[in-house]
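Chemist: Got a predicted structure plus its sequence, pasted below:
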Amino acid sequence: MELRKPLGKLRLGVNIDHVATVRNARGSAYPDPVRAAKLAETAGADGITAHLREDRRHITDPDIDRLMEALSVPLNFEMAATDEMQKIALRHKPHAVCIVPEKREERTTEGGLEVAREENRLAHFIAPLRDVGCRVSIFIAADAPQIEAAARIGATIVELHTGAYCDFHAEDRIKERDAELDRLREMSAFAHSLGLEVHAGHGLTYDTVVPVAAFPEVMELNIGHFLIGEAIFTGLKSAIVEMRRLMDEARKGA
Ligand code: PXP
């Protein structure tokens, strides 16, 4: 395998959706995702990610208003490619907008966006977001045709879906896991060669983060569910500090 040097510092985006999931389970005001975001900042998060879903099952509109007001690090606003979400993004002008597929019945974002199938619509959809200065990221599977389509529609970033890799790891399907990891590595280099900034995320844990953090072209990891779960046992700050440490170690060894 060819050895390549990392292209720069690896950023950690902390996804705070599931703080809101716990809050909403009781319809209370706590735990507050904005408080978690501020704590994440002090623990070393380089950015905060929040997904405003169509059904508002976790993050709500007032949460986005408050995050925009309170954060000192960039907000990565995850959303589906709908008119409603585009209006909200254009009003707030967050640092980054990550376009994800959304199905009402899914438990989480199950697959990547089918950019190739909707190229024309998506090109028109992201143009105004770019015009107001948002960095547009497209969440896709590590798949060459999707990456090529993301480059053609004018996206700045592709975020590669690491969910299948993490699922194979959890199920001890080592051969499939390693094949998926190879694909992610190869597609990170391919996306970079097309001029795209490369991010990755979904399902990452202490056990799975290291190989992905070592990909030289990957500039940002977005991690949520595991960190919020781990916070129950060790506290959010310590969970983030440990994730950051693993990422930095992986990067040094790359
Ligand atoms: N990146 C994207 C685009 C996502 O949709 C999600 C989940 O909301 C994540 C990263 C974070 O995934 P997880 O919560 O499994 O760490």
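Modeler: Nice, thanks for sending it over. Since this is a predicted model, take the numbers as computed values, not measurements.
Chemist: contacts and neighbour counts: CA atoms only from here.
Modeler: Will do.
Chemist: Can you tell me what sits against the strand or helix carrying residue 244?
Modeler: For residue 244, the host element (DSSP states H and E) is helix 236-253. Contact with helix 236-253 is made by 6, 10, 12, 36, 39-40, 42-45, 206, 209-211, 213-214, 216, 227-228, 230-231, as judged by C-alpha atoms under 8 Å, 6 or more residues apart in numbering.
Chemist: Just the buried subset of those residues, please.
Modeler: Those of the contacts of helix 236-253 that meet the buried threshold are 6, 10, 12, 36, 40, 43-45, 206, 209-210, 213-214, 216, 227-228, 230, by 16 or more other C-alpha atoms under 10 Å.
Chemist: what sits against the residue nearest the centre of the chain?
Modeler: By C-alpha atoms, centre = their mean, the mean C-alpha position of the chain lies nearest to residue 222, the distance being 3.8 Å. Contact analysis of residue 222 by C-alpha under 8 Å, 6+ apart lists 12, 13, 14, 15, 49, 199, 200, 201, 202.
Chemist: tell me the SS of it?
Modeler: Following DSSP: H, G, I helix; E, B strand; the rest coil, the label given to residue 222 is strand.
Chemist: Distance check, it against residue 172.
Modeler: Using C-alpha to C-alpha, to the nearest Å, residue 222 is found at 23 Å from residue 172.
Chemist: would you list every one of the strands in the chain?
Modeler: With strands called from DSSP state E, the chain shows them at 11-15, 47-51, 75-79, 96-99, 135-140, 157-161, 197-201, 218-223.
Chemist: Please determine how far residue 191 is located from residue 139.
Modeler: Distance from residue 191 to residue 139, by C-alpha to C-alpha: 13 Å.
Chemist: List the residues that are in contact with both of those two.
Modeler: Residues touching both residue 191 and residue 139 (C-alpha under 8 Å, 6+ apart): residue 158.
Chemist: Which helix runs longest in the chain?
Modeler: helix 174-193 (DSSP state H).
Chemist: Quick check: buried residues in it?
Modeler: 177, 180-181, 183-192.
Chemist: touching the ligand at all, stretch 35-48?
Modeler: No - using C-alpha under 6 Å from any ligand atom, stretch 35-48 stays clear of the ligand, coming no nearer than 10.7 Å.
Chemist: and stretch 224-241, how far apart are its ends?
Modeler: So stretch 224-241: terminal residues 14 Å apart, C-alpha to C-alpha.
Chemist: next one: stretch 102-121
Modeler: 16 Å.
Chemist: Tell me who's in contact with residue 39.
Modeler: Counting by C-alpha under 8 Å, 6+ apart, residue 39 makes contact with 236, 237.
Chemist: any idea how far it lies from residue 226?
Modeler: 16 Å.
Chemist: Same question for residue 197.
Modeler: Here residue 197 is placed at a distance of 24 Å from residue 226 (C-alpha to C-alpha).
Chemist: between these two, who's got more neighbours?
Modeler: Neighbour comparison, residue 197 and residue 226: the larger count goes to residue 197, with 19 against 16 (by other C-alpha atoms under 10 Å).
Chemist: what are the bridge partners for the residue lying closest to that one once chain neighbours are set aside, then?
Modeler: Closest residue to residue 197 apart from its sequence neighbours, by C-alpha to C-alpha, 6 or more residues apart in numbering: residue 157 at 4.5 Å. Note on residue 157: beta-bridge partners residue 137, residue 197, judged by DSSP bridges.
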